[in-house]
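> how does the following fold in three dimensions:
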Amino acid sequence: MTSSINTALAFSISCCGYVALAYQATTHMKDYESRIDILVEINSQLRQEIVQLNSINNKYRVTATMYHPVSYQTDSTPTITADGTQIVDVYKAHELRYVALSRDLLKRWGGPFDYEDYIIVENAGNHSGVWQVRDTMNKRWTNRIDFLMSPGDKPFKYEEVVIRSQQQL
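So this is what the prediction gives:
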C-alpha cells in the first residue's frame, strides 16, 4: 500500500511541476509578444521618420538591384510592365532605361513617384543617370529600385543609392 501511495504522491508532485512550468512559459510568451509589438511599432515610426526626412530633401536613399524581363523574375507577363508598357525586344531592354520601384516609393501607395516619372539615380556606378519609372517591385521589398536589364546582363547590387525626381532640377 505504501508503494501505491508513493506512486500517487510522485505523480501528483510531477503534475504540479508541469503545470507550474506551463504557466511560467505562457507568462514569458505573453511578455515577449508585447515586446515584439512595441518593437514593430518603433520600427514603423522610424521608417516614417526616414521617409519624412528624405522627402524634405527630395532625395531618397535606396538599395538598387536589377532584373530581367523573364517570367521567373517577374510574373507570367514579363514583357509587360506594371504601367502597361510593352517591351518589344527583351535583348534591348537595358536600352530602354526603365526601373521598377518598391511600392513605398510609388504614389499609388503613398510614395513620391508615379509611373512615367523620370528619376535621377546617383551612386549606382555606370547605372547612374536618368531612368524612367515603369514597373513595380514585389510587395515584399521596401526602399528599393530595380533596373530593367537585358537577359544575359550580370546581376548587380548597389547600396546607398540616391534617387530624386528629374523635375527638381
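> which residues in this structure form strands?
Along the chain, counting by DSSP state E, strands occupy 60-67, 98-101, 118-122, 129-136, 144-148, 157-165.
> strand partners (parallel or antiparallel) of the second one?
What that stands for is strand 98-101. Counting by DSSP bridges, the strands paired with strand 98-101 are strand 129-136 (parallel), strand 144-148 (antiparallel).
> hmm, who's touching it?
Contacts to strand 98-101, defined as Cβ atoms under 8 Å, 6 or more residues apart in numbering, come from residues 67, 81-82, 85, 111, 113, 119, 121, 131-137, 144-148. No exception for glycine: its C-beta is placed from N, CA and C like everyone else's.
> about what we covered before: just the strands of the chain: most buried one?
Burial among the strands of the chain, expressed as mean neighbours by mean count of other Cβ atoms under 10 Å, is greatest for strand 98-101, which shows a mean of 25.
> pull the distance from it to the chain's centre.
15 Å (Cα atoms, centre = their mean, to the nearest Å).
> please apply the same query to stretch 106-119.
The answer for stretch 106-119 is 17 Å, by Cα atoms, centre = their mean.
> could I have the CA atoms of that stretch written out in CSV?
The C-alpha trace of stretch 106-119 is given here as CSV (Å, rounded to 0.1, in the frame of the first residue of the first chain):
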residue,chain,number,x,y,z
LEU,A,106,5.1,54.9,-55.7
LYS,A,107,2.3,57.4,-55.4
ARG,A,108,-0.3,54.7,-55.6
TRP,A,109,0.9,53.5,-52.2
GLY,A,110,1.7,57.0,-50.7
GLY,A,111,5.2,57.4,-52.2
PRO,A,112,6.6,60.4,-54.1
PHE,A,113,7.0,58.9,-57.6
ASP,A,114,4.5,57.9,-60.3
TYR,A,115,4.7,55.8,-63.4
GLU,A,116,6.3,57.6,-66.3
ASP,A,117,8.3,59.9,-64.0
TYR,A,118,11.9,60.4,-64.8
ILE,A,119,14.3,60.0,-61.9
